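Engineer: quick one: sequence and predicted model below, then my questions.
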Amino acid sequence: MSPNLLALLPELLLALTGVLIMLAEPLIAPGRTRKPLGWLAILGTLASGIAVLYQLHLVNASGPITAFYSTIQIDAFSIFFHLLIASIVLVTLLASLDYFQNPITHAGEYFALVLFGATGMMFMTSSVELLMVFIGLEISSISTYILAGFRKGRATASESALKYFLLGSFATAFFLYGIALCFGATGSTSIAAIAAGLAITKTPLLGWLAVAMVLIGLGFKVSAAPFHVWTPDVYQGAPAPVVGLMSTAPKAAAFAVLLRFLFNATPIYRSHWILLIAILAVASMTIGNLGALLQRDVKRLLAYSSIAHAGYMLVAFTAAQHEAVSTICFYTAAYAAMNVGAFLVLTQLSGFDEKLRTIDDFTGLALKRPGLSALLGFFLLSLIGIPFTGGFFGKFYVFSAAVHSGYTWLAIVGLANSGIACFYYLRLLTALYSRPLTDTIADTPSTGRITFPVALALTATAAATLCLGILPNRILHLTQRATPTSTIAQSVSAPTATIAQR
């Protein structure tokens, strides 16, 4: 098989499946269910995951795979994020099969857009050239812009999509300008060539501005403060399963790009960007947690929670490359499991119309839906960081990495913010198991029985959250193999490769 075809095999399978869904939907008679298209999307995602495992076998046997003039690199780092993104997409699709009860909701388009978005996210994680990263970022962003406003006819959905599009385009401009400045300072947009060029550039200020611009662009994608203003409104208006997807998979892809860029392209500026990262981490943790304290809408509460968790992950960038990569990989996996799980529970409890929105609406819900309430409580405890959950070890490794690198004060700030987070998570958890003051629990909307695909998705997220909290060492050993390398850098400049390895 051609190296070019092999390197993009998972993305090609996702894209082709999405195209098939778009072609098949007009052939289904109006009023008929679109669920077969969802099953086709699930099969395409499974095929993509199998292709990633095949790539892993080849990488273990013969080393990283490079393609398209060394702009794409398949290594343990990209494979980890490919598997993570495929897993998130798979459970989202499983939980979305029965989400669209009305055929006029264009469910086929939804399934195709999810696959197209995942294609762009995977493309971002395997690109070692900034223009290729930009292409993947645009593919992912356009899909999520549309998905954010997918509940057509609702004012909040239109507001969500419009704000996401306008602010997302603005942030993308910063990222693109950062790429242009990188080219101006080094004469290349390849990550390896940038690392070599920055070591000898005569315009270091230009390189420093490039780093700042790229940080701004990616800071928007990971919902880091002060680039977070879009997050609460977009999460509130977007469909619940879409929020579960867009709060985890695009964030994981953006963090993968940020890891490659900072540690492999700009290690010479580490003393500069590490200060910026620390400021963003403190701002994100503090603004996210304090903002969540003021929220009554559950989706807005979890939106601010997402901002805070982005801050926790940024803390790990203060560590050495190997420790930072393994820690962030572990945290993204743990956060994806518990956050997607929480939004899947919200999807089942609220339905397409999302009748349950505020914390008051969840009061006493455990009396009517004890199973789903228990699952939601479990995911909330993991988001807090209670032992025997993935969230506990995620935060433990992050704060340990900060202490090991000498940023003890940053770990203390993170611990203080984790204490603040307990208040709003426990407020929702308490509401679930409180008896309502009036007999309104009987009026609570019910989505009926849980189907097998939904049960499978919920079980997978709960099992992943529990396994990451009980057996973290196995996953941590796998993430320690995922440190991104640049085979091109070793041939371009030996001193630069040495700096990157440090």
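Structural biologist: Alright, I've got the coordinates. Numbering: from 1, shown residues only.

Engineer: for the longest helix seen in the chain, name the packing helices and strands.
Structural biologist: The residue-count maximum for a helix in the chain (DSSP state H) belongs to helix 155-186. Helix 155-186 sits against helix 130-148, helix 191-198, helix 204-221, helix 231-237, with contacts defined as 3 or more CB pairs under 8 Å, 6 or more residues apart in numbering; DSSP states H and E. No exception for glycine: its C-beta is placed from N, CA and C like everyone else's.

Engineer: JSON lines for these, including mean neighbour count and distance to S271?
Structural biologist: Shown next, in JSON lines, are the helices and strands packed on helix 155-186 (neighbours: other CB atoms under 10 Å; distance: least, CB to CB, whole Å):
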{"stretch": "helix 130-148", "mean neighbour count": "22", "distance to S271": "22"}
{"stretch": "helix 191-198", "mean neighbour count": "26", "distance to S271": "13"}
{"stretch": "helix 204-221", "mean neighbour count": "21", "distance to S271": "11"}
{"stretch": "helix 231-237", "mean neighbour count": "25", "distance to S271": "30"}
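
Engineer: closest to T318 out of those helices?
Structural biologist: Checking the helices and strands packed on helix 155-186 against T318 by CB to CB gives helix 204-221 as the closest, at 14.4 Å.

Engineer: that closest one - contacts with which helices or strands?
Structural biologist: If you count contacts as 3+ CB pairs under 8 Å, 6+ apart, helix 204-221 packs onto helix 155-186, helix 249-260, helix 270-293.

Engineer: so what touches the shortest one?
Structural biologist: Contacts made with helix 249-260 from outside it, assessed by CB atoms under 8 Å, 6 or more residues apart in numbering, are listed as 77-78, 81, 84-85, 88-89, 117-118, 120-122, 124-125, 127-128, 133, 136-137, 140-141, 144, 191, 215, 218, 221-223, 306, 310, 313, 317, 324-325, 328, 332, 336, 484.

Engineer: from the chain's centre, how far out does that helix sit?
Structural biologist: Centre-to-centre, helix 249-260 and its host chain are 7 Å apart (CA atoms, centre = their mean, to the nearest Å).

Engineer: ditto for stretch 219-231
Structural biologist: 13 Å.

Engineer: could you pull up the mean pLDDT of that stretch?
Structural biologist: Taken as a whole, stretch 219-231 has a mean pLDDT of 92.

Engineer: can you check stretch 387-404 too?
Structural biologist: Averaging pLDDT along stretch 387-404 yields 94.

Engineer: do stretch 423-438 as well
Structural biologist: 86.

Engineer: i'd like the first residue to be 28 from this point on
Structural biologist: I'll keep to 28 as the first residue from here, and by that count the last item is stretch 450-465.

Engineer: residues touching that stretch, excluding its own?
Structural biologist: Around stretch 450-465, the neighbours that count as contacts under CB under 8 Å, 6+ apart are 316, 319-320, 322, 325, 328, 332, 386-387, 389-394, 400, 403-404, 407-408, 410-411.

Engineer: ok, back up a step: deepest of the helices and strands packed on helix 231-248, which one?
Structural biologist: Comparing these by mean neighbour count (mean count of other CB atoms under 10 Å), helix 276-287 ranks first with a mean of 26.

Engineer: now the angle from that one to helix 231-248?
Structural biologist: Angle, helix 276-287 to helix 231-248, by axes from the mean of the first three to the mean of the last three CA atoms, to 10 degrees: 160 degrees.

Engineer: what's the angle between helix 276-287 and helix 157-175?
Structural biologist: Interaxial angle, helix 276-287 versus helix 157-175 (the same axes, to 10 degrees): 160 degrees.

Engineer: what's the angle between helix 276-287 and helix 182-213?
Structural biologist: Using the same axes, to 10 degrees: helix 276-287 against helix 182-213 is 10 degrees.

Engineer: what mean pLDDT does helix 276-287 get?
Structural biologist: Mean predicted confidence for helix 276-287 is 95.

Engineer: and the closest residue in space to L399 that isn't next to it in sequence, how many residues sit next to it?
Structural biologist: Setting aside the residues directly before and after it, L399 is nearest to V372 in space (CB to CB, 6 or more residues apart in numbering), at 5.3 Å. Number of residues near V372 (other CB atoms under 10 Å) recorded here: 28.

Engineer: which residues are in contact with V372?
Structural biologist: Contacts for V372 (CB under 8 Å, 6+ apart) come out as 399, 402-403, 406, 485.

Engineer: poorly predicted segments of the protein, please.
Structural biologist: For the chain, the stretches flagged by pLDDT under 70 are 128-132, 464-475, 512-529.

Engineer: where do the strands sit along it?
Structural biologist: Listed in chain order, the strands of the chain (DSSP state E) span residues 92-94, 99-101.

Engineer: of those, which is nearest P53?
Structural biologist: When the strands of the chain are ranked by proximity to P53, the top entry is strand 99-101, at 33.6 Å, counting by CB to CB.

Engineer: flag every buried residue along the closest one.
Structural biologist: Of all the residues in strand 99-101, those buried under the rule 16 or more other CB atoms under 10 Å are 99-101.

Engineer: again, but for stretch 416-432
Structural biologist: Buried, per 16+ other CB under 10 Å, within stretch 416-432: 416-430, 432.

Engineer: next: stretch 439-450.
Structural biologist: If you call a residue buried by 16+ other CB under 10 Å, then stretch 439-450 has these buried ones: 440-441, 444-445, 447-449.

Engineer: ok, so of those residues, who is nearest F95?
Structural biologist: Closest approach to F95 among the buried residues of stretch 439-450 (CB to CB): G441, at 39.6 Å.

Engineer: list the contacts of stretch 325-335.
Structural biologist: 250-252, 255, 258-259, 261-263, 267, 270, 274, 278, 311-312, 314-316, 318-319, 322, 366, 369-370, 373, 383-386, 388-389, 410, 444, 448, 451-452, 455.

Engineer: for it, what is the distance to the chain centroid?
Structural biologist: 14 Å.

Engineer: just stretch 423-433 next, same as before
Structural biologist: Counting by CA atoms, centre = their mean, stretch 423-433 comes out at 22 Å from the chain centroid.

Engineer: tell me which residues are up against that stretch.
Structural biologist: By CB under 8 Å, 6+ apart, the surrounding residues in contact with stretch 423-433 are 339-340, 342-343, 345-347, 350-351, 353-354, 357-358, 412, 435, 437-438, 441-442, 499, 503.

Engineer: export it as PDB, just CAs?
Structural biologist: What follows is stretch 423-433, C-alpha atoms only, in PDB (Å, rounded to 0.1, in the frame of the first residue of the first chain):
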ATOM      1  CA  PHE A 423      -2.900  14.100  40.400                       C
ATOM      2  CA  TYR A 424      -0.600  13.600  37.500                       C
ATOM      3  CA  VAL A 425      -1.000  17.200  36.300                       C
ATOM      4  CA  PHE A 426      -0.300  18.800  39.700                       C
ATOM      5  CA  SER A 427       2.600  16.300  40.200                       C
ATOM      6  CA  ALA A 428       4.100  17.400  36.900                       C
ATOM      7  CA  ALA A 429       4.000  21.000  37.900                       C
ATOM      8  CA  VAL A 430       5.700  20.300  41.300                       C
ATOM      9  CA  HIS A 431       8.400  18.300  39.600                       C
ATOM     10  CA  SER A 432       9.200  21.200  37.300                       C
ATOM     11  CA  GLY A 433       9.400  23.700  40.100                       C
END
